Every structure is written in structure tokens, then in C-alpha cells.
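A.B. asks: sequence unknown, structure follows:
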């Protein structure tokens, strides 16, 4: 192998390594450790795509995010934390508008994910679980979800 071929191969491998890395954060939305570590690169890429599209108020992406395989347990707490960060970013009213465009079957389980995201997530980024309740933090969303 000549030097030029080695150089091209090295650059290619470095580039491939850089673009194939999983990411822990998407547009300021943090993906918790368990959800990050237990998903493959392609699953991480799909999660990031759903987060971006949901931030752009795409209701079908929210439905897919709601049904994203989180692996159970702490991974689902992390997914709930992702969703609560999106709610804070968009605002409760904007998020309700997205939810109202979905069928009831598309939002099954969303209430539970939001609840655990508020309870176990660190939305205020103070290094501690927030231990918040949906009834107090998002009262209008709580009503909207319970009336659907």
C-alpha cells in the first residue's frame, strides 16, 4: 500500500468514526445515561431524529417518540425526561396543541412517561431528581391528557 492510499484510508476511517458516534444531547435535550448506553447507534440516530422533529411540532414524531423502545425501567425514565425537556422547551400550550392532533391510541402511555420524567428527571439541572408532579408542573396538560 502506498502512502497516498494509507492517507486516504486513514482519513476515511477517522471520518467514519466521527459520524458514527452516538450523541447524548440533541438541540439542548439531554438523553439520560441508561437510554443512551443501551441503544445502538441506529436507535440513537432515530431517537435524535424524533426529538428534532417533535421540537419542530411534528405530531407523528411525538407519537413515535412516545412509543420508542426504551428498554424498560430506567431507560423509560430517561425517555420521560426527554419528553419533559421538550415540553419545557416548547411550552405547555404548544405541547398540548401537538397532543390534540393525535389519536387517543397514539398517546397511550404518554401521561406515565411525563410523570416519571418529572419525578426522576433533572429538568432544572441542579444535579438532583426533581420529584415534581404533572398536576402541579403542567396542570393544563394534565387535564388535556385525562380528557382524551
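C.D. replies: Nice, thanks for sending it over. Only a predicted model underlies this, so the values are computations on that prediction, with no experimental measurement involved.
A.B. asks: and the strands in this protein?
C.D. replies: 25-26, 29-30 (DSSP state E).
A.B. asks: what residues are up against residue 50?
C.D. replies: By Cβ atoms under 8 Å, 6 or more residues apart in numbering, the contact list for residue 50 reads 61, 64, 65, 68. For the C-beta atoms, the positions are set from N, CA and C on the backbone; glycine is no exception.
A.B. asks: if I look at the first one, how far off is residue 125?
C.D. replies: Residue 61 sits at a distance of 24 Å from residue 125 (criterion: Cβ to Cβ, to the nearest Å).
A.B. asks: tell me which of the two has more neighbours.
C.D. replies: Neighbours were counted for residue 61 and for residue 125 using other Cβ atoms under 10 Å; residue 61 has more, 18 against 10.
A.B. asks: so how far is residue 3 from the residue most central in space within the chain?
C.D. replies: Ranked by distance to the mean C-alpha position of the chain (Cα atoms, centre = their mean), the top residue is residue 82 at 3.7 Å. Distance from residue 82 to residue 3, counting by Cβ to Cβ: 46 Å.
A.B. asks: what's the answer for residue 130, then?
C.D. replies: For residue 130, the distance to residue 3 equals 56 Å [Cβ to Cβ].
A.B. asks: between these two, who's got more neighbours?
C.D. replies: For residue 130 versus residue 3, neighbours defined as other Cβ under 10 Å are more numerous around residue 130 (18 against 7).
A.B. asks: OK, contacts around that one?
C.D. replies: 118, 119, 120, 121, 122, 123, 124.
A.B. asks: repeat for residue 64
C.D. replies: Residues in contact with residue 64 (Cβ under 8 Å, 6+ apart) are residue 50.
A.B. asks: quick one, what contacts the nearest residue to residue 129 once chain neighbours are set aside?
C.D. replies: Beyond its immediate neighbours in the sequence, the residue positioned closest to residue 129 (Cβ to Cβ, 6 or more residues apart in numbering) is residue 120, lying 5.1 Å away. With contacts taken as Cβ under 8 Å, 6+ apart, residue 120 has the following neighbours: 77, 80, 81, 129, 130.
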